[in-house]
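sequence unavailable; structure follows:
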């Protein structure tokens, strides 16, 4: 068959070799590591610089009402923050 000459299979010593796997996927692993770092930094600043909770002293229906008012106000400004 014509494809037999084109398709090459890995040697038996390369199948379970972790170094070979890292070499073949180094770009993807690097991109994944950078993405994880950027997401961590984003989440850190999103949590620390987020809006302060002005409904913290309320309880029950008053707290729910306060949170709804905050949600409506934030949706009006184009920002979506639930807390």
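Thanks, I have it. From a predicted model like this one, the values you see are computed outputs, not experimental measurements.

please count neighbours and contacts with C-alpha atoms only from this point.
Noted.

so after the longest helix belonging to the chain, what's the next helix or strand?
Using DSSP state H, we find that the single longest helix of the chain is helix 26-48. Downstream of helix 26-48, the next assigned helix or strand under DSSP states H and E is helix 61-76.

now that next one: buried residues?
Going by neighbour count (16 or more other CA atoms under 10 Å), the buried part of helix 61-76 is 66-67, 70-71.

just give me the closest of those residues to residue 34.
Minimum distance to residue 34 across the buried residues of helix 61-76 is 32.7 Å, recorded for residue 71 (CA to CA).

any stretches of the chain with poor pLDDT?
1-16, 50-53, 74-83 (pLDDT under 70).

kindly recompute the last result at 80.
Counting by pLDDT under 80, the chain shows low-confidence ranges at 1-18, 21, 47-58, 67, 70-83.

returning to that earlier point: between the buried residues of helix 61-76, which sits nearest residue 36?
residue 71 (29.1 Å).

only the buried residues of the longest helix of the chain, if you could.
Buried residues in helix 26-48, counting neighbours by 16+ other CA under 10 Å, are absent.

on that earlier part again, redo the buried residues of helix 61-76 as CSV? Include distance to residue 42.
Shown next, in CSV, are the buried residues of helix 61-76 (distance: CA to CA, whole Å):
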residue, distance to residue 42
66, 27
67, 24
70, 23
71, 22
